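1. Compute the structure for the input listed below.
(2 chains)
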Amino acid sequence: MTCRELVEFLMSYLEHELPEAQRAEFERHLGICPPCLAYLETYKETIRLGKAICQCADDAVPNDVPEALVQAILAARRQSG
Amino acid sequence: MSPAGGPVGEPEEETALISALRAGEDAAFEKLVRCYSARLLAVARRMLQDEDDARDAVQEAFLSAFRGIDSFRADSRVSTWLHRIVVNTCLMKLRSRRRRPETSIEDLLPRYLEDGHHADAPVEWSEAPESALEREEVRTLVHTSIGQLPETYRTVLLLRDIEELDTEETARMLGVSANAIKIRLHRARQALRGLLDPHMREAR
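-> Okay, here's the model as predicted:
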């Protein structure tokens, strides 16, 4: 398995979708290739950071609703009957 | 009825809210809007990357939620139900927008030598994710980078990784195959990684 193939299969690997033989090859390559290991780690960290940061932003602003928006929604509902 | 923000907590409270909405009570509608609009606005801002469009989408979502109140199933949560509605509203808005030519993400994907080895060897990032998360600079970087992804990729990344829809549901919503979603998601994550990489290598 080359580095290019490893990166191609990375998502399937993380989702446990690789057939056993391919999975073993994937892991053997990871064990001897620090750049691919670094790629795997930073790929996982990208997902983690995106999730965590959007989650934090959603939790941090429970009251940060522009009053103008609330009023516009209430008015639109009255109009639509 | 308290006008305070934040989702309605208890299931009984939700049931009461839904009955009041079905009865057409104005106060219940206002409560729904005040409790949930901040979260829905955050979702819409991420998906549409435009404040006016995001506000329009939230407004439309509440109106269609109200019109569709009879379709609300007792076994789901109000927050989940509204979340799906706003995501759908945003997708409709994206479809109706004039398509701008999208920039290529090729430059953000890893490059390889002819023999399949990395052309630029990836290295690990210098900071642990926990401490990176605490820095405003990193939070801004991640938000901005998601915003820089071409729409096709950003939408899939948001629906799958951030809004946590599954592959099948995302495929249905976007009208493409599950396999196309998988390919796009992998490319989107790689592109986002490519945008973060130069900053995260030398963080601090």
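
2. for the chain, which spans come out with low pLDDT?
-> Going with chain A. A:57-63, A:81 (pLDDT under 70).

3. not what I meant, chain B
-> Segments of chain B classed as low confidence (criterion: pLDDT under 70) are B:1-10, B:203-204.

4. care to break it down by domain?
-> Taking automatic domain parsing as the domain assignment, the record places the domains of chain B at B:11-96, B:106-201.

5. And the residue of chain A that's closest to chain B?
-> Of all residues in chain A, A:Thr2 sits closest to chain B, at 2.8 Å by Cβ to the nearest Cβ. C-beta coordinates here come from the backbone N, C-alpha and C atoms, glycine included.

6. Provide the secondary structure category for the residue sitting nearest the centre point of chain A.
-> Residue closest to the average C-alpha location in chain A (Cα atoms, centre = their mean): A:Ile47, at 3.3 Å. A:Ile47 falls in the helix class when you classify it by DSSP: H, G, I helix; E, B strand; the rest coil.

7. Which stretches in the chain count as helices?
-> Let's take chain A. Per DSSP state H, chain A carries helices over the ranges A:3-14, A:20-32, A:34-60, A:67-80.

8. should've been chain B
-> Counting by DSSP H, the segments of chain B that form helices are B:11-22, B:26-48, B:51-67, B:78-96, B:129-133, B:136-148, B:151-157, B:167-174, B:178-201.

9. Mind putting those into a markdown table with distance to chain A?
-> Converted to a markdown table, those look like this (distance: least, Cβ to the nearest Cβ, whole Å):
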| stretch | distance to chain A |
| --- | --- |
| helix B:11-22 | 11 |
| helix B:26-48 | 5 |
| helix B:51-67 | 5 |
| helix B:78-96 | 10 |
| helix B:129-133 | 5 |
| helix B:136-148 | 5 |
| helix B:151-157 | 7 |
| helix B:167-174 | 9 |
| helix B:178-201 | 4 |
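
10. Figure out which of the ones you listed is closest to A:Val7.
-> Each of the helices of chain B was scored for nearness to A:Val7 using Cβ to Cβ, and the closest is helix B:178-201 (7.6 Å).

11. Mind listing what's buried along that closest one?
-> By neighbour count on 16 or more other Cβ atoms under 10 Å in any protein chain shown, the buried set for helix B:178-201 is B:181-182, B:184-197, B:200.

12. Ok, stretch B:65-81 next?
-> For stretch B:65-81, a neighbour-count test (16+ other Cβ under 10 Å) marks B:65-66, B:69, B:72, B:78, B:81 as buried.

13. do the same with stretch B:82-90
-> By neighbour count on 16+ other Cβ under 10 Å, the buried set for stretch B:82-90 is B:82-87, B:89-90.

14. Now do that stretch: everything it contacts.
-> With contact meaning Cβ atoms under 8 Å, 6 or more residues apart in numbering or on different chains, stretch B:82-90 is reached by B:32, B:36, B:39-40, B:43-44, B:47-48, B:57-58, B:60-62, B:64-65, B:68, B:159, B:163, B:165, B:173.

15. Now the buried members of the residues you listed.
-> Buried residues within these, counting neighbours by 16+ other Cβ under 10 Å: B:32, B:36, B:39-40, B:43-44, B:47-48, B:57-58, B:60-62, B:65, B:159, B:163, B:165, B:173.
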